[in-house]
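Student: Build me a model from this:
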Amino acid sequence: MKNFNLFIVIILFVQVSFSQSNILNAESPKDIGVKTLAQLDSDDEAFLEYGFIDDKDVLFSKTVWEIIDLNERVNFPLLYPTDTTRVGQERRPLIHYLIKGIQNGDIPNIYNDGKFNYPKSLQVFNNSLVDSSYTFSGNEIIETFGSPENFLRKKGEDLASYELDYSLDEIDEMNDIDFLNYQGKIEGLTYKYLNVNEDYRVSKFSYNQVHQYMIKGVWYFDKIQSDLRYRPIAIAPITSEIKDKDKRVELVWIFYPDARETLKDAYVFSERNSSVRKSFDELINKRRFNSVIILEENMYEDRKIKDYMSKNAFMQLLESERIKEKIRNFEHDMWSW
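Tutor: Got it, this is the predicted structure:
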């Protein structure tokens with residue numbers, strides 16, 4: 001009995017020292033959230049590796065795309081806090097860690113789509129987080145010179161030194177992504193000679209612009225373990241565009257295994273018990289969220305549910321539930337006969 005009590009005390013101590021971020025030992029407010037070397041050493045744990053799964057050991061698999069709606073209360077841990085000035089530094093939303101991981105290089109590869117066909121550069125990603133646009137005054141200034149390029153030349157800028165000296169024909173032949181990059185660089189140079197807020201405005205991405213997450217994952221039946229398992233493959237935050245708040249876009253696609261190293265040290269706030277936290281990696285792998293299937297892989301070029309049930313949202317929801325039930329029933333049917 002004495003050993004059991006000692007075990008309980010040790011567990012409670014580990015939880016408190018792990019999750020309270022030194023608040024009980026702080027001698028001043030600046031010490032809150034600063035862990036000792038011993039705490040940092042004990043927290044430096046590797047995430048649980050997936051392990052190798054041989055294709056011949058997979059009896060069944062199905063890839064699905066799901067939407068995690070952040071308006072649902074059960075999904076709030078993925079959304080909040082959106083205003084980080086009102087909480088401690090240890091509390092940040094999922095989007096914070098994803099952006100930080102990408103910008104720090106901890107998440108090395110990012111994409112424009114969930115099938116990883118179109119890589120996305122870090123520069124393009126960073127540009128999508130900031131929008132600068134001319135005001136009426138700024139447009140008038142640029143129009144007096146005919147174009148931003150002429151404006152820069154009048155200011156003495158050598159566009160060739162920036163590798164931006166293109167002819168009109170070359171600009172016309174650019175694809176959409178290259179043209180947007182070119183246009184962004186040209187406009188960025190003009191801002192050096194204009195007054196912020198008066199001639200142009202700068203809008204920055206904020207955490208409350210995240211409305212949903214799209215997650216791609218694989219359900220598979222492992223005959224070695226004899227159970228149905230889930231593996232997240234990719235994740236994408238769905239956000240409002242900075243230019244058009246009513247338009248929603250997939251901000252970036254991330255190959256989920258690349259994000260695990262970042263998310264294992266990012267902890268979810270628990271409303272029930274603040275001394276016990278789980279990492280975002282644990283939350284996603286254990287599917288501690290509510291979601292709706294919008295697409296399962298299919299022979300019709302992976303069409304979405306809304307493409308063949310376009311006029312009835314209720315029927316789309318029922319179709320999503322039907323796909324979920326079909327996947328669950330595979331494991332059930334393995335043992336029910």
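
Student: Off-centre distance for the longest helix out of those in the chain?
Tutor: The longest helix of the chain (DSSP state H) is helix 313-336. Helix 313-336 has its C-alpha centroid displaced from the chain centroid by 27 Å (CA atoms, centre = their mean, to the nearest Å).

Student: now for it, which elements pack on it?
Tutor: Here helix 313-336 touches strand 58-69, strand 210-222, strand 227-240, strand 292-296, helix 305-308, going by 3 or more CB pairs under 8 Å, 6 or more residues apart in numbering; DSSP states H and E. Backbone N, C-alpha and C define where each C-beta goes, glycine included.

Student: And that helix, what's buried?
Tutor: In terms of neighbour count (16 or more other CB atoms under 10 Å), helix 313-336 has its buried residues at Q316, E319, S320, I323, K324, I327, F330, E331.

Student: got it, and stretch 290-297?
Tutor: S291, V292, I293, I294, L295, E296.

Student: The helix or strand harbouring L98: what's the following helix or strand?
Tutor: If you go by DSSP states H and E, L98 is part of helix 94-104. For helix 94-104, the following helix or strand on the C-terminal side (DSSP H and E) is strand 110-111.

Student: Please state the mean pLDDT value computed over that following strand.
Tutor: The pLDDT scores in strand 110-111 average 94.

Student: Over to stretch 220-236?
Tutor: On average, stretch 220-236 scores 91.

Student: quick one: terminal-to-terminal distance for it?
Tutor: Start and end residues of stretch 220-236 are separated by 22 Å (CA to CA, to the nearest Å).

Student: Just give me how far it sits from the chain centre.
Tutor: For stretch 220-236, the distance to the chain centre is 21 Å (CA atoms, centre = their mean).

Student: Buried residues of that stretch, list them for me.
Tutor: Quick answer for stretch 220-236 (16+ other CB under 10 Å): Y220, F221, D222, L228, P232, I233, A234, I235, A236.

Student: Residues in a beta bridge with the fifth one, which ones?
Tutor: Right, the one you point to is P232. Going by DSSP bridges, P232 is paired in beta bridges with G217.

Student: How about the contacts made by it?
Tutor: Shown in contact with P232 (CB atoms under 8 Å, 6 or more residues apart in numbering): I215, K216, G217, Y256, I284, N285.

Student: Generate the PyMOL command that creates a selection of the buried members of these.
Tutor: In PyMOL, this line selects whichever of those come out buried by 16+ other CB under 10 Å:
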select buried, resi 215+216+217+256+284+285
